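**Student:** Sequence plus the predicted model coming up.
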Amino acid sequence: MGVDPVLGAVGWSWLMDALADRQARFSHEGGTVTRVVADSFAALAERGSGVSIEIRASWTPHDDDLAAHLLAWTDLLCTVGGLPPVPEGVSALPGRRT
């Protein structure tokens, strides 16, 4: 997944989709999506390989109500963290703790 050339574009689209879904009006958007592929060796071989992405973004809100922008950012964090979207009116059950 980490070597997929569209991973950066996908990460950016997650932000744009989150802002659109929350109807957050904005302009002057900009940012970067960085992907890191790490392979571990010798004493660290147990870690194996891993991929991480970092999304850095900024934009200018078009309204004084920043709640939609904050909610969009939290939606993005949930997406990056692998949490599935929950439809309105549905509550997610907590996972089992071990």
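**Tutor:** Arrived safely, thanks for sending. All of these numbers come straight from a predicted model, not from anything done at the bench. Numbering: from 1, shown residues only.

**Student:** Please name the residues that touch the most centrally placed residue in the chain.
**Tutor:** Using Cα atoms, centre = their mean, the residue of the chain that lies closest to the mean C-alpha position is Val80, 3.4 Å off. The contact partners of Val80, by Cβ atoms under 8 Å, 6 or more residues apart in numbering, come to 11, 14, 53, 55. C-beta: built from backbone N, CA, C; applies to glycine.

**Student:** How about residues contacting the host helix or strand of the last one?
**Tutor:** Under DSSP states H and E, the secondary-structure element containing Ile55 is strand 49-61. Strand 49-61 is touched from outside by 1-2, 7-8, 11-12, 14-15, 19, 24-40, 69, 76, 80, with contacts defined as Cβ under 8 Å, 6+ apart.

**Student:** partners of that strand, with directions?
**Tutor:** Paired with strand 49-61 in the same sheet, following DSSP bridges, are strand 26-39 (antiparallel).

**Student:** So which residues make contact with the strand it pairs with?
**Tutor:** By Cβ under 8 Å, 6+ apart, the surrounding residues in contact with strand 26-39 are 2-3, 7-9, 11-12, 15-16, 19, 47-62, 69.

**Student:** re the thing from before, lowest-confidence entry in the contacts of Val80?
**Tutor:** Lowest model confidence among those falls on Ile53, which carries 88.

**Student:** What's the local residue count around that residue?
**Tutor:** 16 (other Cβ atoms under 10 Å).

**Student:** What of the one 10 residues further on?
**Tutor:** Burial of Asp63, expressed as a neighbour count using other Cβ under 10 Å, amounts to 12.
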